[in-house]
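give me a 3D structure for the following:
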Amino acid sequence: NDALDLSGSFVTVNTSTIELVGDKGVSVGEGSTLYFHNLNISSANFGIVAKDNSQVNGDILSIKHTKYGIAAYQKKEEYGYQTQIVLNDATFQHIQFKTFLEKGSRVTINGRKEVANQENVYEALFN
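As a prediction, the model looks like this:
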């Protein structure tokens, strides 16, 4: 149900469109790193999810028609809380929740540091 699902990977994506996804447009986990340029995500439950000490860096992002735009959390303790997301030139349209971020996550969108003040995000989302 995830369009792009990374685990223990280093991936670069250039000019891609992800549409009509059952769950996550992009899922980055287990120490993965994703770099992207010009990514469009539409009609998914989540736009981008980063978890478990992963990093997402990108510019030119459009997320539309999702419940959650960006989520960051810890799923597996062995990977830790060092998830980092840096997005530039990001736009969000028709999003129910722009971000859902667990404490310890570092997220910057269009030069603005987002507040990561939620606890037990994984449990809140999936249990």
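
can you classify the residue of the chain positioned farthest from its centre as helix, strand or coil?
Within the chain, the residue lying farthest from the chain centre (CA atoms, centre = their mean) is E78, at 19.7 Å. Under the three-state scheme (DSSP: H, G, I helix; E, B strand; the rest coil), E78 adopts helix.

measure it to N127 for me?
Applying CB to CB, to the nearest Å, the value for E78 to N127 is 20 Å. C-beta here means a position set from N, CA and C on the backbone, and glycine is covered the same way.

what sits up against the lowest-mean-pLDDT helix or strand in the chain?
Scoring the helices and strands of the chain by mean pLDDT, DSSP states H and E places helix 121-126 at the bottom, with a mean of 86. Applying CB atoms under 8 Å, 6 or more residues apart in numbering, the external contacts of helix 121-126 come out as 51, 71-75, 100-102, 118.

closest to G25 out of those?
A71 (11.1 Å; CB to CB).

isn't that closest one right up against K98?
No - the pair A71 / K98 is not scored as a contact, 10.2 Å apart, by CB atoms under 8 Å.
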